[in-house]
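Engineer: got a predicted structure plus its sequence, pasted below:
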Amino acid sequence: MPRTVYVLALGIFAMVTSEFVVAGLMPQMAEGLGATIPQIGYLITAFAVAMAVGGPFLTMALMKLRPKPALLVLFVVFLVGNALAATATGYGVMLTARIITGIAAQAFFGVAISVCSAVTREEIRGRAIGVAMNGLMLGTLLGLPMATFIGGHLGWRAAFWAISLLTVIAAVATFFGVPRLERPGSSSGTFREEAQVFKKPRLWLVLSTSTLIIGATFSAFSYFNPILTEVSGFSEGTVPVLLIAYGAATVIGNSVVGHLADRRTVSVQVVGLVLNTLFLAGFAVFAEVSAAAVVLMMGIGLVGVTMNPAMATRVQRTGNPGPLVNTVHSSFITLGVIIGSSLGGVFVESFGLRSPLWLGAAIAVLGLVSLLPELRRRGHPAPKQTATAPGTPTAGDLGPAREAERASV
């Protein structure tokens, strides 16, 4: 695996740690900024909305740059946002900082996944994306507890300064560890060439599947804490340990999916959605049984957000591996987070704490439905040609990309 992939994982780790840091520091930040807990919660939503809406526009603005300089510019923007958060004197300044960092993080994900594809062979791209996306899983597993620990002992501003230091380290590693790459396409037609793929209806269906996969998981994940304490009967002190175990499950699941994503792209998503439906529904039914709740929560960790490598591989094969397509895909993933967590909150207020689990199961079923056209298309391949015109490529000329795609079910 190229060293560049691990460098990109470090950058993603820094971005994800910043994304989730607010969740672990709500009381301290509320006191320091003179805000309420719900207002601090909105900072998480603001970050997500900024990612989904602003990320693609920043990516378009950077498309005249080569990938490596684009990554470094994004590190600078992200660093400015975190420094602004660390020195924020009021809620408005903090909100602005979160918007800046959210936009930069989303654009970074898109460019990083594009670079990941550029430096690896076609047949191992899914595995490489899985390695890079381990930065996301480790951000949840290690980054959030680390930032929460620092904030709890040295103050919430210190947590943002620590993320700023991590950002500088990741930027230096990128400067020395990422090779000089050319921009995809011609200098005059890069944006036009990348944007053309969005005319494909199939690409929008593929993107919607990613939204549903993530939405199903986050409708439940966003409310694990109250479900585990108020329904499953765990103490407040036990929940962080359970969430760390959940994070470990996501790292394992991501590695497995990364190894399967290249040759079993669609099958991995089908199996993942079926299992997630069962785990979510099972958790809803057996939430009061502590042991079952833990096992089923770990199952959700294994097959939920861990579908990322398969999702990214499918999007790239349907569209292209360019930064704009990858950033828009990341926006659809973030949209899944927003939809799942917000609808989950509505369901909690109306139907109780088990309802987000049932909601997640229903969204996972919709994800399976979104895969039916793909399964039908692959189940009825085009008829074989009996004669070939001169110069027409045969099956053997299609190359590893098409062969891998054919084998992805």
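Structural biologist: Sure, I can see it. Numbering: from 1, shown residues only.

Engineer: how many neighbours does the closest residue to Thr36 other than its chain neighbours have?
Structural biologist: Sequence neighbours aside, Ala30 is the residue nearest to Thr36 in space, at 6.2 Å (criterion: Cβ to Cβ, 6 or more residues apart in numbering). C-betas here are computed from N, CA, C, even on glycine. Neighbour count of Ala30, defined by other Cβ atoms under 10 Å: 18.

Engineer: quick check: the residue lying closest to Gly304 once chain neighbours are set aside vs Glu182, distance?
Structural biologist: Spatially, and ignoring its direct neighbours in sequence, Gly304 is nearest to Thr217 (3.4 Å; Cβ to Cβ, 6+ apart). For Thr217, the distance to Glu182 equals 36 Å [Cβ to Cβ, to the nearest Å].

Engineer: which one's more surrounded, the two?
Structural biologist: Neighbours were counted for Thr217 and for Glu182 using other Cβ under 10 Å; Thr217 has more, 28 against 9.

Engineer: and the more buried one, what does it touch?
Structural biologist: Asn276, Ile300, Gly304, Val305, Gly336, Gly340, Gly360 (Cβ atoms under 8 Å, 6 or more residues apart in numbering).

Engineer: CSV for those residues, including secondary structure, pLDDT and neighbour count?
Structural biologist: Shown next, in CSV, are the contacts of Thr217 (DSSP: H, G, I helix; E, B strand; the rest coil; pLDDT from 0 to 100; neighbours: other Cβ atoms under 10 Å):
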residue, secondary structure, pLDDT, neighbour count
Asn276, helix, 97, 28
Ile300, helix, 95, 29
Gly304, coil, 89, 28
Val305, helix, 88, 24
Gly336, helix, 90, 26
Gly340, helix, 87, 27
Gly360, helix, 95, 32
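
Engineer: any stretches of the stretch 151-300 of the chain with poor pLDDT?
Structural biologist: 183-191, 193 (pLDDT under 70).

Engineer: thinking again about what came up before, can you name the two of the contacts of Thr217 that sit furthest apart?
Structural biologist: The largest separation in those, counting by Cβ to Cβ, is between Ile300 and Gly336 at 14.3 Å.

Engineer: from the contacts of Thr217, which is closest to Gly152?
Structural biologist: Closest to Gly152, out of all of these and judged by Cβ to Cβ, is Val305, at 25.9 Å.

Engineer: quickly note the distance from that closest one to Ser342.
Structural biologist: For Val305 relative to Ser342 (Cβ to Cβ), the value is 17 Å.

Engineer: ranges for the strands of the stretch 51-200 of the chain?
Structural biologist: Under the criterion DSSP state E, counting those that start in this stretch, the stretch 51-200 of the chain contains no strands.

Engineer: give me the number of residues near Ala312?
Structural biologist: Quick note: Ala312 (other Cβ under 10 Å) scores 30 neighbours.

Engineer: got the contact list for Phe109?
Structural biologist: So Phe109 contacts Ile12, Met15, Gly55, Asn326, Thr327, Ser330 (Cβ under 8 Å, 6+ apart).

Engineer: and Met311, by the same measure?
Structural biologist: Applying Cβ under 8 Å, 6+ apart, we find Met311 in contact with Thr209, Ser210, Ile213, Gln269, His329, Ile333.

Engineer: after the helix or strand harbouring the first one, which helix or strand is next?
Structural biologist: Element membership for Thr209 (DSSP states H and E) is helix 201-221. For helix 201-221, the following helix or strand on the C-terminal side (DSSP H and E) is helix 224-226.

Engineer: for that next one, packing partners?
Structural biologist: Applying 3 or more Cβ pairs under 8 Å, 6 or more residues apart in numbering; DSSP states H and E, one finds that helix 224-226 contacts helix 239-260.

Engineer: now do the helix it packs on: which elements does it pack against?
Structural biologist: Short answer (3+ Cβ pairs under 8 Å, 6+ apart): helix 239-260 packs on helix 125-138, helix 224-226, helix 265-286, helix 290-303, helix 308-318.

Engineer: list the buried residues of it.
Structural biologist: Buried residues in helix 239-260, counted by 16 or more other Cβ atoms under 10 Å: 239, 242-243, 246-251, 253-255, 257-260.

Engineer: just stretch 288-304 next, same as before
Structural biologist: Buried, per 16+ other Cβ under 10 Å, within stretch 288-304: Ala293, Val294, Leu296, Met297, Met298, Gly299, Ile300, Gly301, Leu302, Val303, Gly304.

Engineer: strands along the stretch 301-409 of the chain, start to end?
Structural biologist: Going by DSSP E, counting those that start in this stretch, the stretch 301-409 of the chain shows no strands.

Engineer: follow-up on the earlier one: which one of the contacts of Met311 is nearest to Val73?
Structural biologist: Among the contacts of Met311, and counting by Cβ to Cβ, the member closest to Val73 is His329, at 20.7 Å.

Engineer: surely the closest one touches Gln106?
Structural biologist: No: using Cβ atoms under 8 Å, His329 makes no contact with Gln106, being 10.3 Å away.

Engineer: and this protein, what are its domains?
Structural biologist: The chain resolves into domains spanning 1-180, 194-379 when parsed by automatic domain parsing.

Engineer: now do the last one: distance to the chain's middle.
Structural biologist: In this view, domain 194-379 has its centroid 10 Å away from the chain centroid, taken as Cα atoms, centre = their mean, to the nearest Å.

Engineer: go on, stretch 164-182?
Structural biologist: The answer for stretch 164-182 is 20 Å, by Cα atoms, centre = their mean.

Engineer: give me the buried positions along it.
Structural biologist: Ser164, Leu166, Thr167, Ala170, Ala171, Ala173, Thr174, Gly177, Val178, Leu181.

Engineer: again with stretch 18-30
Structural biologist: Ser18, Glu19, Phe20, Val21, Val22, Ala23, Gly24, Leu25, Met26, Gln28, Met29, Ala30.

Engineer: now swap in stretch 53-65 and tell me
Structural biologist: Val53, Gly54, Gly55, Pro56, Leu58, Thr59, Met60, Leu62, Met63.

Engineer: stretch 318-338 too?
Structural biologist: Those would be 318-338, for stretch 318-338 by 16+ other Cβ under 10 Å.
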